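A.B. asks: next come a sequence and a model predicted from it.
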Amino acid sequence: MEASIAIFFGSTTGSTQMVAEKIRDLLGERLSHLADVNTAEASELEQYDVIFFGVPTWNVGEMQDDWADFIPNMSELNLAGKKVAFFGVGDAVGYAENFLDAMGELWAAVYAQGAPTLVGVWPTDGYVFEASKGLYDDNHFLGVGLDEDNESHLTDERLDLWLAQVLQELALVEAAGEAVDEAVAQ
């Protein structure tokens, strides 16, 4: 049985929505649902096996408004047994001290709902920033980090590699080649 996959995102300026739509296009028929948390119900999260969470860091390390309103509604959810992946959008130049902080805050809120399995941990190599709550460990983000303000030219390549890695970790595709193997190994 094929896993049901959904993307839930919040977006203020449209950058995170654009990334969510790129992921939607890359997933193609594998994707079951795409939702903006501004209009979604928290209970929808429980309907899917795999959930992609897209979150921008807003202002100075703050949670984006739609997610800030959505997270309290998640308090009664049970996400145990789910697999989750994160993509975060931030500005590593203007806000180097809190690049992707909202991704870390959202992961904490999601993890509190039954400790779902995290997939798609992404290397920090190639990123320049000072600090982040979006770190998994010293060398990895919780998911792919994107900087549409300063590094939009890297978005497509990062998404392609990250999504191939995620699908491999979910056992939805065979090994996706050397580039993904290198990214996973780091």
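C.D. replies: On my side now, so go ahead.
A.B. asks: for the top strand by length along the chain, buried residues please.
C.D. replies: When the chain is parsed with DSSP state E, its longest strand is strand 50-58. Neighbour counts using 16 or more other CB atoms under 10 Å place V50, I51, F52, F53, G54, V55, P56, T57, W58 of strand 50-58 among the buried residues. In this view, the C-beta of every residue, glycine as well, is placed from N, C-alpha and C.
A.B. asks: so which elements touch the longest helix anywhere in the chain?
C.D. replies: Longest helix of the chain, by residue count under DSSP state H: helix 155-169. Helices and strands touching helix 155-169, by 3 or more CB pairs under 8 Å, 6 or more residues apart in numbering; DSSP states H and E, are helix 15-27, strand 83-89, strand 122-123, strand 144-146, helix 178-185.
A.B. asks: check pLDDT for the buried residues of strand 50-58 and point me to the minimum.
C.D. replies: Lowest in pLDDT among the buried residues of strand 50-58 is W58, which has 88.
A.B. asks: thought that one was touching Q64?
C.D. replies: Yes - here W58 reaches Q64: they are 4.6 Å apart, a contact under CB atoms under 8 Å.
A.B. asks: give the buried residues for stretch 25-36.
C.D. replies: L26, L27, R30, L31, S32, L34, D36.
A.B. asks: as a markdown table, the residues you listed with distance to F87 and secondary structure would be great.
C.D. replies: Formatted as a markdown table, these follow (distance: CB to CB, whole Å; DSSP: H, G, I helix; E, B strand; the rest coil):
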| residue | distance to F87 | secondary structure |
| --- | --- | --- |
| L26 | 12 | helix |
| L27 | 12 | helix |
| R30 | 16 | helix |
| L31 | 14 | strand |
| S32 | 17 | strand |
| L34 | 13 | strand |
| D36 | 14 | strand |
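A.B. asks: quick check: the farthest pair among those?
C.D. replies: Within those, two members stand farthest from each other by CB to CB: R30 and D36, at 19.7 Å.
A.B. asks: tell me how far the longest helix of the chain is from the chain's mean position?
C.D. replies: Its chain's C-alpha centre and that of helix 155-169 lie 11 Å apart, by CA atoms, centre = their mean, to the nearest Å.
A.B. asks: and for stretch 107-119?
C.D. replies: For stretch 107-119, the separation from the chain centroid amounts to 12 Å (computed by CA atoms, centre = their mean).
A.B. asks: how about stretch 123-133?
C.D. replies: 15 Å.
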